[in-house]
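>>> Could you work out the structure for the sequence below:
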Amino acid sequence: MRTEQIAAEALKAVNDDRYKLSLLVAKRAEQLSNGAEPVIKADKAKEKFTDIALKEIASGKITMDYISEN
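Down below sits the predicted model:
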């Protein structure tokens with residue numbers, strides 16, 4: 001899937017709220033950089049943390065609630 005498609009799906013997942021999406025991507029990317037494991041199949045050595053976070057959000061596995069709990 002292309003980055004544009006992933007970003008569009010992620011935006012849908014947060015009800016088209018770009019601010020919420022950017023906040024969620026930033027928080028999740030920070031968690032990944034601090035050692036959190038991806039909840040989707042991803043290679044942290046080959047992919048950027050922001051790309052992994054975007055894919056996780058697009059797949060519906062990462063939400064604001066998930067970020068708040070961790």
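>>> spatially speaking, which residue is in the middle of this protein?
Residue closest to the average C-alpha location in the chain (C-alpha atoms, centre = their mean): A53, at 2.3 Å.
>>> who's in contact with the nearest residue to K20 once chain neighbours are set aside?
The shortest distance from K20 to any non-neighbouring residue, by C-beta to C-beta, 6 or more residues apart in numbering, is to V14 (4.5 Å). The way it works is simple: take the backbone N, C-alpha and C, and place the C-beta from them, glycine included. Residues near V14 by C-beta atoms under 8 Å, 6 or more residues apart in numbering: 20-21, 24, 57, 64.
>>> returning to that earlier point: isn't the residue nearest to the centre of the chain up against S22?
No - using C-beta atoms under 8 Å, A53 is not in contact with S22; the gap is 10.6 Å.
>>> ok now the lowest-mean-pLDDT helix or strand in the chain, how far from the chain's centre?
Lowest by mean pLDDT, DSSP states H and E among the helices and strands of the chain is helix 64-69, with a mean of 79. Its chain's C-alpha centre and that of helix 64-69 lie 12 Å apart, by C-alpha atoms, centre = their mean, to the nearest Å.
>>> Would you mind listing the buried residues in that helix?
Buried residues in helix 64-69, counted by 16 or more other C-beta atoms under 10 Å: 66-67.
>>> pretty sure A13 contacts I57?
Yes - here A13 reaches I57: they are 5.5 Å apart, a contact under C-beta under 8 Å.
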